[in-house]
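**Student:** Sequence plus predicted model, see below.
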Amino acid sequence: MQHNPFSTRFIQPGAIPYKCFDGGNVNELVQRFLNLPSKRGIVVGPHGSGKSTLIVSFVCELSRVIEKSSVHQLRFSTDRSTWRTLLASTKQWTQSSIVILDGYEQLRFWSRFLIERIARSRSLSILATAHRPIHGFETIWRTSVSESSSQWVLEQLLQQSGLPMSANELMQSEAWTRSRAKHDQNLRESLFDMYDWWQISVARRFPP
């Protein structure tokens with residue numbers, strides 16, 4: 001049975017590795033972060049541009065050079081469990097910890113205040129992601145979506161389907177063109193859009 005390459009399990013952060021298209025690689029980003037005098041780094045980019053995917057690859061590479069137990073990764077959304085999740089995690093933070101905060105802009109004032117207070121008292125290193133630069137953090141990378149990066153992502157996803165369809169063919173479809181015009185830098189939403197398109201247009205062409 002053929003799998004829809006745009007299923008959530010294939011496009012969730014970490015399902016495919018992050019690839020830098022503007023020069024450099026994830027290993028260089030890790031070294032840049034570890035050498036920050038401020039110990040405050042941030043990855044900036046719009047919704048769906050690959051920040052969370054980059055973080056997964058970043059943490060994987062980071063774990064190669066430091067003890068994995070020293071890395072504490074948190075991903076935030078607008079749900080009400082944020083404060084409890086944060087409090088539970090802070091109990092494990094030590095002076096050797098590196099704290100990864102994916103979705104920093106979702107945190108409210110008191111959450112940010114708590115993080116800053118603990119970070120200063122324990123001399124922690126923090127890497128955050130946000131949609132725009134944040135005071136006190138040094139931007140180490142900006143994620144963006146280009147035609148080249150979009151094509152590369154599609155190629156990785158299509159390889160999992162095993163069907164004779166190229167990324168170029170998909171990118172020339174009306175559904176893809178319409179979705180990209182609608183979502184601009186948010187590649188993730190376009191990938192969600194293509195799930196239904198695949199079910200209706202492609203699965204029928206290549207029945208199991």
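**Tutor:** Yep, it's here. Numbers count the residues shown, from 1 in each chain.

**Student:** quick one: least confident helix or strand in the protein?
**Tutor:** helix 82-90 (a mean of 88; mean pLDDT, DSSP states H and E).

**Student:** Count the residues that sit near the nearest residue to residue 83 once chain neighbours are set aside.
**Tutor:** Nearest residue to residue 83, sequence neighbours excluded (CB to CB, 6 or more residues apart in numbering): residue 111, at 6.3 Å. Yep, even glycine has a C-beta here, placed from its N, CA and C like the rest. The tally of other residues near residue 111 (other CB atoms under 10 Å) stands at 18.

**Student:** Name the SS class of residue 111, please.
**Tutor:** In three-state terms, and counting by DSSP: H, G, I helix; E, B strand; the rest coil, residue 111 is helix.

**Student:** before we move on, the earlier item: I'd like the next helix or strand past the least confident helix or strand of the chain.
**Tutor:** strand 98-102 (DSSP states H and E).

**Student:** name the helices or strands packed onto that next one?
**Tutor:** Counting contacts by 3 or more CB pairs under 8 Å, 6 or more residues apart in numbering; DSSP states H and E, strand 98-102 is packed against helix 51-65, strand 71-75, helix 109-122, strand 125-130.

**Student:** Residue 196: which of those is closest?
**Tutor:** Judged by CB to CB, the one of the helices and strands packed on strand 98-102 that comes nearest to residue 196 is helix 51-65, at 22.2 Å.

**Student:** residues of stretch 185-199 that come out buried?
**Tutor:** By neighbour count, and taking 16 or more other CB atoms under 10 Å as the criterion, the buried residues in stretch 185-199 are 185-195, 197-198.

**Student:** CSV for these, including pLDDT, distance to residue 179 and secondary structure?
**Tutor:** Putting those into CSV (pLDDT from 0 to 100; distance: CB to CB, whole Å; DSSP: H, G, I helix; E, B strand; the rest coil) gives the following:
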residue, pLDDT, distance to residue 179, secondary structure
185, 93, 13, coil
186, 96, 10, coil
187, 96, 10, helix
188, 94, 11, helix
189, 95, 7, helix
190, 96, 4, helix
191, 95, 9, helix
192, 94, 9, helix
193, 94, 4, helix
194, 93, 7, helix
195, 93, 11, helix
197, 89, 8, helix
198, 87, 12, helix
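
**Student:** what's the closest of the residues you listed to residue 99?
**Tutor:** Proximity of those to residue 99 (CB to CB) peaks at residue 188, which lies at 24.3 Å.

**Student:** which residues touch that closest one?
**Tutor:** 11, 47, 48 (CB atoms under 8 Å, 6 or more residues apart in numbering).

**Student:** same deal with residue 56?
**Tutor:** Contacts of residue 56 (CB under 8 Å, 6+ apart): 13, 14, 18.

**Student:** distance of it from residue 122?
**Tutor:** Residue 56 is 25 Å from residue 122, where distance means CB to CB, to the nearest Å.

**Student:** Equivalent analysis for residue 86, please.
**Tutor:** 15 Å.
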